[in-house]
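Student: Here is my input, please return the structure:
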Amino acid sequence: MAESIPEQSATEKTVFETAPASLKDAPSEVVAVEKAEPLHTNGVTPVPEAAPIQDALVAAPVKDNATQVTTEETLNGTSAPTQDKSTAAQPAPVQTTTGEPNGTNGVSVNGTSATTEDDTEIPLFSPTLISPEVSAILPEGYTMRPLRRSDYNRGFLDTLRVLTTVGSPSFSTFSDHFALMASIPSTYHILVILDSSDQIVGTGAVIVERKFIHNMGLVGHIEDIAVAKNQQGKKLGLRIIQALDYVAEKVGCYKCILDCSEANEGFYVKCGFKRAGLEMAHYYGRD
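Tutor: Coordinates of the predicted model:
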């Protein structure tokens with residue numbers, strides 16, 4: 001597999017880096033308050049014996065943050081306190097707030113995905129970052145674009161299995177992972193190549209690291225280059241590297257780096273990279 005990075009079992013890998021270059025150089029609620037007139041029974045205004053005595057209500061129930069104010073009412077033979085209408089509190093207007101939903105690409109407030117049928121076709125990053133030059137030189141019938149949720153059903157994980165172990169995540173798990181990546185703008189750029197039958201036959205990623213050095217510089221990390229076994233010899237690996245290099249330059253990276261085995265060094269040199277040291281790894285017993 002000259003065009004994909006095989007799984008590395010050794011703890012040392014060659015580190016390659018390149019500065020961005022052009023392709024041609026590289027292969028509350030309103031409440032109404034009703035107040036009744038107070039009853040006068042203490043020698044002020046006698047009430048005719050035949051007249052019925054009615055209880056007066058002062059203040060209707062008011063809801064405020066789930067707390068209810070109880071209704072005050074006058075008792076028979078007593079007068080309720082009066083209140084100057086000019087100083088009575090006016091009801092506060094209702095305030096409503098509308099806005100766009102929190103999150104990006106189907107990401108809900110708590111960080112999990114709220115996926116609808118249309119959400120599955122939303123790209124992980126802007127398609128404008130796909131190099132038109134690279135797309136133009138793909139084999140006839142092949143296309144390149146950003147990863148989508150729906151690619152779970154187009155063989156994306158199977159393509160990655162050419163490179164290393166993947167596991168068997170459900171679509172829900174895959175979708176949540178996609179949503180988490182999409183919630184961090186300008187960081188994860190995973191692209192795919194599809195054949196004429198709309199199946200994924202190649203993929204690669206560039207992850208952008210934000211640094212304090214080099215004037216708050218950005219570094220692109222190329223990862224997970226994989227091409228389906230039945231697609232070898234079509235230069236798809238080269239096109240993926242060229243496309244990822246283009247993304248890194250467009251988002252403002254001052255360099256792009258990757259790790260590879262000794263066996264793949266020549267391939268990456270042809271892609272414009274050069275040896276820049278060794279990768280050291282410490283594994284923690286996880287698959």
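Student: can you tell me how far residue 140 sits from residue 238?
Tutor: Residue 140 is 17 Å from residue 238, where distance means Cβ to Cβ, to the nearest Å. Backbone N, C-alpha and C define where each C-beta goes, glycine included.
Student: Revised request: answer the last question for residue 194.
Tutor: Residue 194 is 17 Å from residue 238, by Cβ to Cβ.
Student: how about low-confidence regions in the chain?
Tutor: Low-confidence segments of the chain, defined by pLDDT under 70: 1-117, 286-287.
Student: cutoff 50 now
Tutor: Filtered on pLDDT under 50, the chain yields the residue ranges 1-2, 6-12, 22-41, 43-44, 47, 50-54, 56-82, 85-88, 93-113.
Student: now the helices: where do they sit in it?
Tutor: For the chain, the helices defined by DSSP state H cover 132-136, 156-161, 171-182, 213-216, 236-250, 265-270.
Student: rewinding a little: who has more neighbours, residue 140 and residue 238?
Tutor: Per other Cβ atoms under 10 Å, whichever of residue 140 and residue 238 has more neighbours is residue 238, with 21 against 5.
Student: Kindly provide the distance from the more buried one to residue 185.
Tutor: Residue 238 is 28 Å from residue 185, where distance means Cβ to Cβ.
Student: So which residues of the chain form strands?
Tutor: 12-18, 57-58, 63-64, 67-68, 72-73, 143-146, 188-194, 200-210, 218-227, 255-260, 274-280 (DSSP state E).
Student: before we move on, back to that, most neighbours per residue, which of the helices of the chain?
Tutor: For those, the largest average neighbour count (mean count of other Cβ atoms under 10 Å) is found in helix 236-250, namely a mean of 24.
Student: With distance to residue 168 added, can I get the strands of the chain in CSV?
Tutor: Output for the strands of the chain, formatted as CSV (distance: least, Cβ to Cβ, whole Å):
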stretch, distance to residue 168
strand 12-18, 27
strand 57-58, 67
strand 63-64, 51
strand 67-68, 51
strand 72-73, 66
strand 143-146, 24
strand 188-194, 19
strand 200-210, 17
strand 218-227, 17
strand 255-260, 26
strand 274-280, 28
